[in-house]
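Undergrad: Sharing a model that was predicted from the sequence below.
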Amino acid sequence: MEQQTKLTEQQLGDIRSEFNFFDRDGNGMIELPEFIELLTVLSPKTKVSSVEEGFNLIDDNHDGSIDFEEFVHWWQEGWWEY
């Protein structure tokens with residue numbers, strides 16, 4: 001696994017803002033319906049069949065939601081750019 005670059009407070013704040021935008025119900029987690037909306041905004045050409053697979057890749061602990069730590073890891077990897 002590749003070592004992550006340490007993020008600045010500003011970068012973490014920016015990522016937190018993105019996370020909070022997609023965490024529509026404000027529970028501190030992004031569930032699958034919220035993730036579908038996120039991908040629709042960030043990567044409109046993403047096939048629906050790939051959404052659940054992508055969600056499961058990001059959900060490292062497989063609890064059915066993406067927490068902020070998982071989201072930061074995903075953001076740092078640049079997966080959202082595809």
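TA: Ah, there it is.

Undergrad: The residue nearest to Met29 when sequence neighbours are not counted and Gln10, how far apart?
TA: Closest residue in space to Met29, ignoring its immediate chain neighbours: Ser65 at 3.7 Å, by Cβ to Cβ, 6 or more residues apart in numbering. In short, each C-beta sits where N, CA and C put it, glycine included. From Ser65 across to Gln10, the span is 26 Å (Cβ to Cβ, to the nearest Å).

Undergrad: if you count what's nearby, which of these two comes out ahead?
TA: Ser65 (19 against 8; other Cβ atoms under 10 Å).

Undergrad: give me phi/psi at the more buried one?
TA: phi -150, psi 160 (degrees, to the nearest 10).

Undergrad: now swap in Glu9 and tell me
TA: phi -60, psi -40.

Undergrad: same deal with Asn56?
TA: According to degrees, to the nearest 10, Asn56 has phi -70, psi -30.

Undergrad: wouldn't it be in contact with His62 here?
TA: Yes: contact criterion Cβ atoms under 8 Å: Asn56 and His62 qualify, at 7.3 Å.

Undergrad: what about those two, which has more around it?
TA: Applying other Cβ under 10 Å to Asn56 and His62 shows that Asn56 carries more neighbours, namely 12 against 7.

Undergrad: Okay, now the unreliable bits of this protein?
TA: 1-4, 79-82 (pLDDT under 70).

Undergrad: In it, which residue is most central in space?
TA: By Cα atoms, centre = their mean, the chain has its centre lying nearest to Phe71, at 3.9 Å.

Undergrad: helices or strands up against the host helix or strand of it?
TA: Element membership for Phe71, per DSSP states H and E: helix 68-77. Applying 3 or more Cβ pairs under 8 Å, 6 or more residues apart in numbering; DSSP states H and E, one finds that helix 68-77 contacts helix 9-22, helix 48-58.

Undergrad: chain center to that helix: distance?
TA: 6 Å (Cα atoms, centre = their mean, to the nearest Å).
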